[in-house]
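Asks: Just the structure for this:
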Amino acid sequence: MRFMLLLKASQDTEAGALQGEALTSEMERYNEALVRAGVLLDAAGLHPSSRGARIDFSQGKRTVTNGPFTETNELIAGFWMIQVKSREEALEWARRCPHPEGSADSRIELRQVFEPSDFPTESQEPTELELRASRSRS
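Replies: Numbers count the residues shown, from 1 in each chain. Down below sits the predicted model:
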């Protein structure tokens, strides 16, 4: 089962503030533990929303709005993609994530990723897209 751990943005991450040395070291140890356990598929931090954009789709039109965006509770500062055996294992990894000491509240959102097997198909044979996705995860 694949899960995304979504690190929610804060005023600090939206300001582009880099993590302190202590938190950076803790994050490196956490990421290394994920790698040693063989569950980490991908991870990255994201630039602040001031460097991003939103594309809204409405009535056949696309509207681009450049950042920054003020609703930090709706923004993502980074993510981990992990592959584990259960939701409980994913929650355990999320609980172990380092938290910035002395900072404002932070939040990680845990979301399971849809797998091809979650969708009904006419054939049980894997599609070319499923085969490529499986190879890229290996």
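Asks: which residues in this protein form strands?
Replies: Per DSSP state E, the chain carries strands over the ranges 2-8, 40-45, 53-58, 61-66, 76-83, 108-112.
Asks: what about the fourth one, distance to the chain center?
Replies: What that stands for is strand 61-66. Here strand 61-66 shows a centroid-to-chain-centroid distance of 24 Å under the convention CA atoms, centre = their mean, to the nearest Å.
Asks: Each with direction, which strands does that strand pair with?
Replies: Next to strand 61-66 in the sheet, as set by DSSP bridges, lie strand 53-58 (antiparallel).
Asks: The residue nearest the centre of the chain and Glu26: what is the separation?
Replies: Of all residues in the chain, the one closest to the mean position by CA atoms, centre = their mean is Phe79, 2.5 Å from it. For Phe79, the distance to Glu26 (CB to CB, to the nearest Å) stands at 17 Å. C-beta: built from backbone N, CA, C; applies to glycine.
Asks: Skip the chain neighbours and tell me the closest residue to Pro98.
Replies: Nearest non-adjacent residue to Pro98, counting by CB to CB, 6 or more residues apart in numbering: Glu26, 3.7 Å away.
Asks: what does Gly16 give?
Replies: Per CB to CB, 6+ apart, closest to Gly16 is Pro48, 4.9 Å.
Asks: All good on my end, thank you.
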